[in-house]
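In: let's see this in three dimensions:
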Amino acid sequence: MRRPPPSIARLEPMSHSIAFRSFHGRPKAASHAMGLMVAGLIAGLAVAGCSSAGQPAQSQALPGATSSTAPVASTAPVPLPSPTPTATPTATPIPTPTPGPAGFSATGSMGAVRNRHTATLLLDGRVLIVGGSDDHGRLTSAELYDPATGKFSPTGSMAHARDSHTATLLHDGRVLIVGGLDASTTKVVYLASAELYDPTTGKFSPTGSMAHGRGALTATLLLDGRVLIAGGYGKLDEVYEPATGKFAATGSMVVARGYHTATLLHDGRVLIAGGEDFTFLSEAELFDPTTGKFSRTGSLVHARGNHTATLLSDGRVLVAGGWAGSRAILASAELYDPASGRFAAVGSLAHARYSHDATSLSDGRVLISGGIDAGAQSLKTAEVFDPSSGSFGPTASMAFDRWADTATLLPDGSVLVAGGVSNTAALTSAELWWP
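Out: Residues are numbered from 1 along each chain as shown. I've put the predicted structure just below:
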């Protein structure tokens with residue numbers, strides 16, 4: 001484990017204010033300056049458990065659930081056109097590791113300290129770790145985690161150092177890396193560039209660039225293989241077409257935002273929820289890929305940013321935690337029902353947290369881990385949400401408190417948690433959570 005010098009401060013933008021941060025990245029003091037874009041955290045938002053067909057199942061009322069708004073008219077989704085077939089490589093079978101004891105256990109460590117990186121499950125079962133930051137700046141390097149050996153190994157490097165970017169697995173097995181913050185240490189520069197990682201060669205190559213640089217953005221794989229790029233403090237959203245390697249403009253969001261969530265629904269639409277735009281947002285909207293347009297849907301019960309949004313097996317979306325200002329760290333959670341277009345409150349987290357991870361598990365539950373609490377301390381605690389009861393329950397804690405890390409569901413049902421920053425050091429360590 002590498003430990004940074006005991007006192008290092010750097011100036012980074014956060015929540016439209018100038019925030020002095022320690023190497024841990026937590027704010028020490030802040031003074032607002034309108035117009036300065038946020039360049040803080042992106043809790044890796046993964047769309048797990050999505051089905052390529054079918055409508056969302058009718059939800060059932062949960063004990064104690066309350067509606068956030070008056071009834072919202074539900075617009076029947078437009079049927080999706082048949083996607084153009086794309087060649088999908090066959091995933092290489094890998095040996096199944098022997099399951100560990102329930103809870104967290106150690107696995108191999110990364111080759112580099114990194115936080116605000118991305119982690120993407122490849123078709124062959126390995127996990128691609130890309131970019132992020134260490135004690136000295138942003139990284140171009142990448143590495144692969146092999147569940148069969150429990151070890152990380154280096155792979156090709158990106159052309160541009162970046163953190164707070166997105167990484168999306170395409171239908172053909174390649175990984176699209178988009179946007180984020182560049183290597184500059186003197187000013188905030190959001191990248192418009194994108195790169196593709198090819199697992200067959202272990203190399204990155206350039207692809208088309210976005211119309212403008214973005215940070216605090218989301219990237220969502222659509223059912224037809226395209227990728228929706230949304231937000232990052234702009235309403236001019238784009239769609240990436242893998243067949244041409246180019247980005248094209250699409251409809252604009254109703255509300256400009258960053259640090260929001262974007263979740264692919266079972267019917268192919270994308271739910272955009274919360275985030276920040278000079279204030280914390282409760283507004284939500286839906287993107288319809290058949291029309292290329294955004295439209296309003298019901299609002300969140302609580303305005304929030306740096307939260308998580310996870311698709312459940314019945315088609316609803318769990319929104320958990322987040323923050324609405326330095327003194328408003330949230331333990332609340334809510335469920336979005338696509339059938340009614342409304343959010344409703346549901347059981348609360350035991351620990352208020354933001355910049356945490358939320359991972360959809362093989363059995364339909366959701367693992368919540370890490371993050372930052374109301375005392376600006378990173379957390380090692382974890383909780384599990386059970387959709388059948390609408391409540392959160394305890395599970396074992398991690399060996400290290402951490403935030404700005406990643407959590408990835410592996411084919412064997414375990415969850416790989418990697419990197420991030422703890423209260424005492426930046427981390428190379430990784431852990432596996434077993435149900």
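In: need the strands for the stretch 151-300 of the chain, in chain order.
Out: Along the stretch 151-300 of the chain, counting by DSSP state E, counting those that start in this stretch, strands occupy 151-155, 166-169, 175-178, 194-198, 203-207, 217-221, 227-231, 238-241, 246-249, 261-264, 270-273, 284-288, 293-297.
In: looking at those, spot the one closest to V421.
Out: Nearest of these to V421, taken as C-beta to C-beta: strand 151-155 at 18.1 Å. Where C-beta positions appear, they are placed from N, C-alpha and C, glycine not excepted.
In: which other helices and strands does the closest one contact?
Out: Judged by 3 or more C-beta pairs under 8 Å, 6 or more residues apart in numbering; DSSP states H and E, strand 151-155 is in contact with strand 142-146.
In: buried sites along the strand it packs on?
Out: For strand 142-146, burial by neighbour count (16 or more other C-beta atoms under 10 Å) applies to A142, E143, L144, Y145, D146.
In: hmm, the last one is touching R126, no?
Out: Yes: under the contact definition of C-beta atoms under 8 Å, D146 touches R126, with a separation of 5.4 Å.
In: of all the strands of the stretch 151-300 of the chain, which one comes closest to T424?
Out: For these, proximity to T424 was assessed by C-beta to C-beta; strand 151-155 is nearest, at 21.9 Å.
In: among the buried residues of strand 142-146, which two are most distant?
Out: Greatest spatial distance among the buried residues of strand 142-146 (C-beta to C-beta): A142 and D146, at 14.0 Å.
In: what's D237 in contact with, if anything?
Out: Applying C-beta atoms under 8 Å, 6 or more residues apart in numbering, we find D237 in contact with L228, I229, A230, G231, A249, T250, G251, S252, M253, F287, F294.
In: quick check on those residues: which are buried?
Out: Taking 16+ other C-beta under 10 Å as the criterion, what is buried in those is L228, I229, A230, G231, T250, G251, M253, F287, F294.
In: which residues in the stretch 301-435 of the chain form strands?
Out: In the stretch 301-435 of the chain, the strands defined using DSSP E, counting those that start in this stretch lie at 308-311, 317-320, 333-337, 342-346, 357-360, 366-369, 382-386, 391-394, 406-409, 415-418, 430-434.
In: mind putting those in JSON lines, mean pLDDT, distance to S184 and mean neighbour count included?
Out: Below are these laid out as JSON lines (pLDDT from 0 to 100; distance: least, C-beta to C-beta, whole Å; neighbours: other C-beta atoms under 10 Å):
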{"stretch": "strand 308-311", "mean pLDDT": "98", "distance to S184": "29", "mean neighbour count": "25"}
{"stretch": "strand 317-320", "mean pLDDT": "98", "distance to S184": "33", "mean neighbour count": "25"}
{"stretch": "strand 333-337", "mean pLDDT": "98", "distance to S184": "37", "mean neighbour count": "25"}
{"stretch": "strand 342-346", "mean pLDDT": "98", "distance to S184": "38", "mean neighbour count": "23"}
{"stretch": "strand 357-360", "mean pLDDT": "98", "distance to S184": "28", "mean neighbour count": "25"}
{"stretch": "strand 366-369", "mean pLDDT": "98", "distance to S184": "31", "mean neighbour count": "25"}
{"stretch": "strand 382-386", "mean pLDDT": "98", "distance to S184": "35", "mean neighbour count": "21"}
{"stretch": "strand 391-394", "mean pLDDT": "97", "distance to S184": "40", "mean neighbour count": "16"}
{"stretch": "strand 406-409", "mean pLDDT": "98", "distance to S184": "24", "mean neighbour count": "24"}
{"stretch": "strand 415-418", "mean pLDDT": "98", "distance to S184": "26", "mean neighbour count": "26"}
{"stretch": "strand 430-434", "mean pLDDT": "98", "distance to S184": "29", "mean neighbour count": "22"}
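In: now the ones you listed as JSON lines including distance to A119?
Out: JSON lines is the format used below for the strands of the stretch 301-435 of the chain (distance: least, C-beta to C-beta, whole Å):
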{"stretch": "strand 308-311", "distance to A119": "15"}
{"stretch": "strand 317-320", "distance to A119": "19"}
{"stretch": "strand 333-337", "distance to A119": "24"}
{"stretch": "strand 342-346", "distance to A119": "27"}
{"stretch": "strand 357-360", "distance to A119": "10"}
{"stretch": "strand 366-369", "distance to A119": "13"}
{"stretch": "strand 382-386", "distance to A119": "17"}
{"stretch": "strand 391-394", "distance to A119": "24"}
{"stretch": "strand 406-409", "distance to A119": "4"}
{"stretch": "strand 415-418", "distance to A119": "6"}
{"stretch": "strand 430-434", "distance to A119": "10"}
